[in-house]
Structures are given as C-alpha cells and as structure tokens.
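*Asks:* need a structure here:
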Amino acid sequence: MEDFVKPLSYELENIYFIEGEHRARYPYSNSMLIGDCLIDTGISPKRLKRLKKRFPINKVFLTHWHEDHISGNYLLRDAKFYCHSKDKAPIENVDKMIPLYNVKNTPIEDDLKSLIKLLRMQNIKIDTLIEDNDIFNIDDQLKLKVLFTPGHTAGHCAYYELNSKIAFLGDIDLTKHPYYGNLDASLIEFEESITKIKGLDINTVVTGHRGIIEGKDKIDGEIEKYESILNGRDERILAYFSERSRPIKLDEFRNNNIIYRKYSAYKEFEIIAELLMIGKHIEKFLKNNLISEENNGYILI
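*Replies:* Purely as a prediction, here's the structure:
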C-alpha cells in the first residue's frame, strides 16, 4: 500500500483516503477513492500516477472547479468525469477561472496563468452532470450519494457513501480558513450547506485540506469551530460599520485584514479575494436587514 493511501473502513473494502502532497496544502488537495471512482484529482501528478498503477480509476467525481482540486484531470483522460452543471464551464475551459477569481486585467492574472501552466492543467470534457441526491451504485456494497453544497463555488458538491457513513466534504474543509472568494461564491449558500452537512448521520469525514476526522461528536465540534470563524468575520465587519456614522463603500475595506488576519506570500491575490468575501457578508447583512444601501455605500440600520 502506498504511504499516502489509507483504508477508511474496516467493514467495507475499497474506500480509501488519498492524501495530497505536502499534507494537502495548496496547490494540492486530498482525494477519496471509492471502488473505481476517484473524488478530485489534486493530490499531485506524482501521486496520481502512482495511484493509477495500483488502482483502476474509471470514474472521476469532482467537488468543484478550483485548480487545486482538478489539476490532475489530464492524467485520467480515459475515465468518465462527473460534476455539477454550475461548475462545468471552468472545468471544460480552465481559462474561465480567471474572470471568476476577479483577477482579469490585474497583475495577478499573469500569476494565475503561470500557475495553470505549472500545474499542467488542461481542459477536460464532463461526461455526466450530477444533481443533489443522485446515487451511484459503485458495487454491491458501495453507494455514493451526491450532496449539492454550493457556496464555496456555485456548483460545489460533497459526496456521502451511504453504507459506511463516510463523507468527502471537498472545500467545506473545516480548516481555519473558510473560503468564498470568487464571483460565483455565496456566503448565504455556504452557511446553508454547512447546516446541511450537520444534519447528516456521519461516522467519518475527509475534506480537501484536512485529514480524516472520525466520530460524530468530533465532527460536530469541528463544524462548530468552522462556523465560529464565519461568525467572527461577521462581527469584525459589523464593528467596522459601527465605528463609522457614514455610508461605507466596499473598497474601503481593502487592506484592512478583516478576513485574512495576516497576509501570506499570496498577498495580492488574498486582497482581491478578501474584498470579494466581504462583499458576500454584505449581501448577507442586506438580506437580514442589518445594513442598508445609501449614497452608493452601506450603513448600519
């Protein structure tokens, strides 16, 4: 057995956690193998090639369009590819990622193009579109259910194996950095998707950037921590409004470390993503009547 491949069930065979290179830190991510079906392909080309030698992979289920989850697609061209219709376009044409990240005509556009080239990303045809509650019979024992969980992207999906009660949550990743920083993201939908996950009877979860989390109580605790991060962002943004008695424009939040408490080596990209994410909080506040629009800005009600 490869050192990055770990069985996930003692009772059911052929369910494996596949750890992404560098412990699934960006630009890599974890995968899960269920029978001959692989969920996401961002573990790294080297690991994916090794995985292919040991296991047949005939189907690829994608959680969403982000580069760290689909970068290995080109190595599995003989497989059938599955995703939600709302994420189909940037998977079939990776250049469409650039406007979705809101970096077109910025210095970051060239950086993203360089990353796409470095990862050897290629367009891949989606063979089958999936929908919420679709169930795929993998073999006599394994049944994979689609959970439509938008928010991180418009078509983000999680996957749930019904008999083992093991779920792959993609980028509802239960890390310290919830992300909804692209144009097709939605904080409102993201929080609804987290609530949906909380309602599942789950024994084990795997996420795109964390390892294996076992036990319902442990999983529930990690989800609560994840939600508290989003609540903390709400509070910081509302505090920014409360400190000012005039309408505030979205661009005034730029470079204020509201989402990213400390910028990383990806600072220029993070500033763009941060402003998009703050915009998603503003959408939520408008819906909940916490703020109103005034003079091309926003003010607390």
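
*Asks:* and the helix or strand hosting K218, how far out from the chain's middle?
*Replies:* Element membership for K218 (DSSP states H and E) is helix 216-242. From the chain centre to the centre of helix 216-242 is a distance of 17 Å (C-alpha atoms, centre = their mean, to the nearest Å).

*Asks:* and that helix, what does it pack onto?
*Replies:* helix 187-198, helix 267-287, strand 297-300 (3 or more C-beta pairs under 8 Å, 6 or more residues apart in numbering; DSSP states H and E). All C-beta atoms are positioned from the backbone trio N, CA, C, and that covers glycine.

*Asks:* Now do the first one, average pLDDT.
*Replies:* In this model, helix 187-198 has an average pLDDT of 98.

*Asks:* Just the CA atoms of that helix, as PDB, please.
*Replies:* Output of helix 187-198 as PDB, limited to C-alpha atoms (Å, rounded to 0.1, in the frame of the first residue of the first chain):
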ATOM      1  CA  LEU A 187     -21.800  33.100   1.900                       C
ATOM      2  CA  ILE A 188     -25.500  32.600   2.400                       C
ATOM      3  CA  GLU A 189     -25.400  29.300   0.400                       C
ATOM      4  CA  PHE A 190     -22.100  28.300   2.100                       C
ATOM      5  CA  GLU A 191     -23.700  28.500   5.500                       C
ATOM      6  CA  GLU A 192     -26.800  26.700   4.300                       C
ATOM      7  CA  SER A 193     -24.500  23.900   3.000                       C
ATOM      8  CA  ILE A 194     -22.700  23.700   6.400                       C
ATOM      9  CA  THR A 195     -26.100  23.300   8.000                       C
ATOM     10  CA  LYS A 196     -27.000  20.500   5.500                       C
ATOM     11  CA  ILE A 197     -23.800  18.700   6.400                       C
ATOM     12  CA  LYS A 198     -24.600  19.000  10.100                       C
END
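
*Asks:* quick one, phi/psi of the residue of the chain most remote from its centre?
*Replies:* Largest separation from the mean C-alpha position in the chain: S245, at 36.3 Å (C-alpha atoms, centre = their mean). Backbone torsions for S245, taken as degrees, to the nearest 10, come to phi -100, psi 10.

*Asks:* So for L129, which of the helices and strands packed on helix 216-242 sits nearest?
*Replies:* helix 187-198 (18.7 Å; C-beta to C-beta).

*Asks:* what's the closest one packed up against?
*Replies:* helix 216-242, helix 267-287.

*Asks:* tell me the most buried of those?
*Replies:* Ranked by mean neighbour count under mean count of other C-beta atoms under 10 Å, these are led by helix 267-287, which reaches a mean of 19.
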